[in-house]
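# Whatever this is, show me its structure:
(2 chains)
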Amino acid sequence: MTQPVSSAQQGGPDKGAAPAPVPELRKKDGPVRTSGLRLDVRNLSLLGVLAVLVAVGGFTEPDAFLDTGNLQLILTQSSVIGVVTVGMTFVITSGGIDLSVGAMVALASVWATTVATQEYGFAGILFTAVIVGLAAGLVNGLLIAYGRMVPFIATLAMLASARGLALQITDGKTQIVTVKSVLDLGLPDSYVLGIPPLVMMFAAVTVIGWLVLNRTTFGRRTVAVGGNAEAARLAGIDVRRQRLFLYLLSGLCCGIAAFMLIILSGSGQNTNGNLYELDAIAAAIIGGTLLSGGRGTIVGSVLGVLVFTTITNIFALNNLQSDVQQIAKGAIIVAAVLVQRRTSAHGET
Amino acid sequence: MAPEPPLLTMSGITKSFPGVRALDGVDLEVQAGEVHCLLGQNGAGKSTLIKVLAGAHQPDGGAITWRGEPAALKSPIAAMRLGIATIYQELDLVEGLSVAENVFLGHEPTTARFVVRTREGRTAAAALLKRLGHPEIDPARPVGELSAAQQQIVSMARALSHDVRLIVMDEPSAALDPDEVDNLFRIVAALTADGVAVVYISHRLEEIRRIGDRVTVLKDGRAVAVGLPADSTPTRDIVAMMTGRNVEYVFPPRTADRAEVTAAEPVLKVEGLTRKGEFDPVDLELRPGEIVGLAGLVGSGRSEILETVYGARRPSAGRVTVAGKQLRPGSVRAAVAAGIGLAPEERKAQALLMLESVTRNVSVSSMSRFSRAGWIDRAAERRAAREATRELSLRPDNPDTPVRMLSGGNQQKAVLARWLLRGCRVLLLDEPTRGVDVGARAELYAVIRRLADEGLAVLLVSSEVPEVLGLADRVLVLREGRVVHTADARELDEHRVLDLVMEGSPTS
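Below is the predicted model:
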């Protein structure tokens, strides 16, 4: 079953129509990656995990799990954290980390749902969410790229202050959204061919993210900076500017995610996006993105998100409590990383 | 020879890393109570050898005997148990812990194997420090507050806290003032009087004269001389062994028409370029088609000059001009934009993206050529990268091969292809044949000469004098950060250059 999925995932078969005779490569060095078109072992193993989960869900709760509404729910629940994870994947691929994503989602979601903002309607909410995300990302990027702060510290500081600011704006109250055009996007009436708009947004961000990482100079520079920042600098890449843009990108994704969360919940709350940073990092890591940088995969990250959401869904359907879910998530992170270490050709050079 | 077996013999030690053969059959023999000096240029294999000795690297082949018996140094702990201690150049101390805690790290005096007896440790550490002539170091102070020299003493005290028979010191004098060096030598003398052997690594030849008993010289992962007497071997012979060739290479013929080259306008002009503490003002001009070599020993400032021209280091004075346009100082991007390319000394750390393919390593500096609005035309990229690597006969001829699987020589070709593709006018080469198999060097020389013939200006740094003389048209000889001589390469010979690089040093 992996065959059709692989070409669908990766947008077509290998382009090298007339492959040149491949010189003998030492076998022990593991699979030779071509230009990222092939689905590598990591993604295959995650697809396997997902398949097992679907089987488990279909077996334990055949009616509830395979119900169209439930599948729509799984995808919808994956969408918000999925968009955040796409941004996180870029940052981690560059050798950085962004701990402030959850707080940025919270701040953007409350700023975009104040009474004053809502007066501007749909455009006001969308615009504010995106701008707030970008602004927070800009601060992160400036501190890291030009203030030479360690990403962990700079984004930890942003986590604390963005959450604080979000609380200050809302005073701890839930801000109900009254703009009908925004709320409508969350209703089944707006589904196109059974696909919720949130899922379409997630799909769009994923496709764009994949293209940017794999097909553009921006993506190449991201990988180069993460793989070897000194070599990138000596090759003439503006490493600092690249880092700035990467944290901006993460902020942008958080802004979009905040808008999606507003649609989903019909409100803005300062507790939104709680622990998103950990979920996004976990999804990226089990997807196969190297925490040390230099290798990143959007497909893997999205699969990672789907795995986590599906587990949560199956556990909920089986009336298992969230503590059990958390334990299962932890076990999956450990298992995924161990499997990757086994299959990875990443040498100790 | 002493009737008892040597303390340590290593024979035929080999060790390879992906793409590089770091040790290619090294022999070493150390007697108890001697100071055995290990000499060699950067990359000759010294570090790998002492890591094998410390149990940190496992050799691929060869035999080690310790006090007459075969020994395996399976781990740093195993080496330490035998009585081998290593003091690395990058000291391995924990800055946040106290002096005493560092000295006894891993074998603290304890009660019930759990509770550290702090006072006892401090008393013992104080005794060791006194023996090393530094009673003023407070065993309770955090190591991070000490000077570099004091930290080295702490590192030595740690070595002595074990029952040690052999101490390896990796460039122990590099960070020391002259009187601290005197103290170091006094300690070494006291250790050897007790029968402890010292393997001493230094670039400073005069130190070897002062304290060394015997000398082993490494070059290209081989021991070119084993156990020479330190006091009677002429310095020039030692330097010649370090910088010379054990094989004759065929260098490509120089451009026939030098007059045409010298008539051209210089493409690179360096005027009064200075970096305080590294090198004095340098002036040089490079014309298209010309290879200029910088010759000098380690510490002469040759790599520093190259990196400063490239903008990777910020000059304290002076300027760099490419084709009449002055470069923004300290900006790599300005240098690259103006058409300068660098093949740095540490290829893996400074040039290559080890997880990436050949294509991506080659195209990384020219991405704008294959992209429109940031969108990469990957077919064009692959084609152009392949063209560049084929021109340099990079093997295997597969642009998708991960660069980490290439040999050292082919990795260097990937770096050269990067700049070839970029279309640069000035190529800076820092130790271009470092880590390159002996057999692949001649091919690399031919490539470099051909690039020059096609109009590139090449500035070459090499620690191998014959390489500079054989490849360059003009040579600048450096000593201690100063250009001491400039001449046509054909007017110089190896002996003359060796005299120049050593002239005035206390040993000549």
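# rest of the way, CA atoms for contacts and neighbours
Fine.
# in what helix or strand does residue B:288 lie?
If you go by DSSP states H and E, residue B:288 is not part of any helix or strand.
# Just list the residues touching it, thanks.
With contact taken as Cα atoms under 8 Å, 6 or more residues apart in numbering or on different chains, residue B:288 is in contact with B:261, B:264, B:265, B:266, B:267, B:425, B:452, B:455, B:456, B:457.
# List only buried entries from those.
B:261, B:266, B:267, B:425, B:452, B:456, B:457 (16 or more other Cα atoms under 10 Å in any protein chain shown).
# ok so, going back, among the contacts of residue B:288, which are located in strands?
Applying DSSP state E to these, the entries found in strands are residue B:457.
# just the CA coordinates of whichever strand or helix holds residue B:292, formatted as CSV?
Element membership for residue B:292, per DSSP H and E: strand B:291-295. Output in CSV follows, covering the C-alpha atoms of strand B:291-295 (Å, rounded to 0.1, in the frame of the first residue of the first chain):
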residue,chain,number,x,y,z
ILE,B,291,50.0,31.0,-9.0
VAL,B,292,51.6,32.7,-6.0
GLY,B,293,52.7,30.6,-3.0
LEU,B,294,53.0,31.5,0.6
ALA,B,295,55.7,29.4,2.3
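# what packs against that strand?
Where contact means 3 or more Cα pairs under 8 Å, 6 or more residues apart in numbering or on different chains; DSSP states H and E, strand B:291-295 is packed against strand B:457-462, helix B:465-471, strand B:474-479.
# Sort out which residues of the last one are buried, please.
Along strand B:474-479, the positions that meet the burial threshold by neighbour count (16+ other Cα under 10 Å) are B:474, B:475, B:476, B:477, B:478, B:479.
# pLDDT-wise, what's the bottom of these?
In this model, the minimum pLDDT among the buried residues of strand B:474-479 belongs to residue B:479 (89).
# contacting residues for that one?
By Cα under 8 Å, 6+ apart, the residues touching residue B:479 are B:296, B:297, B:300, B:301, B:500, B:501, B:502.
# For it, give the beta-bridge partners.
residue B:482 (DSSP bridges).
# if I look at it, how far off is residue B:137?
36 Å (Cα to Cα, to the nearest Å).
# Worst mean pLDDT across the helices and strands of chain A, which element?
Counting by mean pLDDT, DSSP states H and E, chain A has its least confident helix or strand at helix A:2-10, which shows a mean of 37.
# and chain B, which residues reach chain A?
Contact residues (Cα under 8 Å from any Cα of the partner chain) of chain B with chain A: B:17-18, B:312, B:332-333, B:336, B:342, B:349-355, B:357, B:364-365, B:367-368, B:371, B:374-376, B:378, B:396-398, B:400-402, B:404-405.
# quick one: secondary structure of the residue nearest the centre of chain A?
Note on chain A: the residue nearest the mean C-alpha position is residue A:85, at 1.4 Å, using Cα atoms, centre = their mean. Recorded secondary structure, residue A:85: helix (DSSP: H, G, I helix; E, B strand; the rest coil).
# surely it meets residue A:285?
No. Using Cα atoms under 8 Å, residue A:85 is not in contact with residue A:285; the gap is 10.2 Å.
# between the two, what contacts are shared?
In contact with both residue A:85 and residue A:285: residue A:301, using Cα under 8 Å, 6+ apart.
# which residue sits closest to residue A:143, ignoring its sequence neighbours?
Distance criterion Cα to Cα, 6 or more residues apart in numbering or on different chains; nearest residue to residue A:143, sequence neighbours excluded, is residue A:149 at 5.8 Å.
# Wait, residue B:85 touches residue B:54, no?
Yes. Under the criterion of Cα under 8 Å, residue B:85 makes contact with residue B:54 at 7.0 Å.
# quick one: which of these two has more around it?
Neighbour tally, residue B:85 and residue B:54, criterion other Cα atoms under 10 Å in any protein chain shown: the higher count belongs to residue B:85, 28 against 24.
# okay if I get the helices and strands packed on strand B:291-295 as CSV plus distance to residue B:112?
What follows is the helices and strands packed on strand B:291-295, written out as CSV (distance: least, Cα to Cα, whole Å):
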stretch, distance to residue B:112
strand B:457-462, 57
helix B:465-471, 60
strand B:474-479, 58
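# how far away is residue B:456 from residue A:287?
45 Å.
# How is chain B partitioned into domains?
B:8-243, B:264-339+B:424-507, B:350-423 (the TED database).
# first vs last residue of stretch A:84-102, how far apart are they?
Start-to-end, stretch A:84-102 (Cα to Cα) is 8 Å.
# how much distance is there from that stretch to the middle of the chain?
Averaging C-alpha positions (Cα atoms, centre = their mean, to the nearest Å) puts stretch A:84-102 8 Å from its chain's average.
# wait, does that stretch contact chain B?
No. Under the criterion of Cα under 8 Å from any Cα, stretch A:84-102 makes no contact with chain B; the nearest approach is 12.2 Å.
# residue ranges with poor pLDDT in the chain?
You didn't say which chain, so I picked chain A. Counting by pLDDT under 70, the ranges of chain A that qualify are A:1-42, A:342-349.
# not quite, I wanted chain B
In chain B (pLDDT under 70), the answer is B:1-3, B:19, B:244-248, B:256, B:503-508.
# Would you mind pulling the contact partners of the strand or helix carrying residue B:410?
Assessed by DSSP H and E, residue B:410 sits inside helix B:408-422. Here helix B:408-422 makes contact (Cα under 8 Å, 6+ apart) with B:19-20, B:341-343, B:347, B:351-352, B:358, B:361-366, B:384-385, B:388-389, B:392, B:394-395, B:403-404, B:427, B:432-433, B:435-437, B:440-441, B:444.
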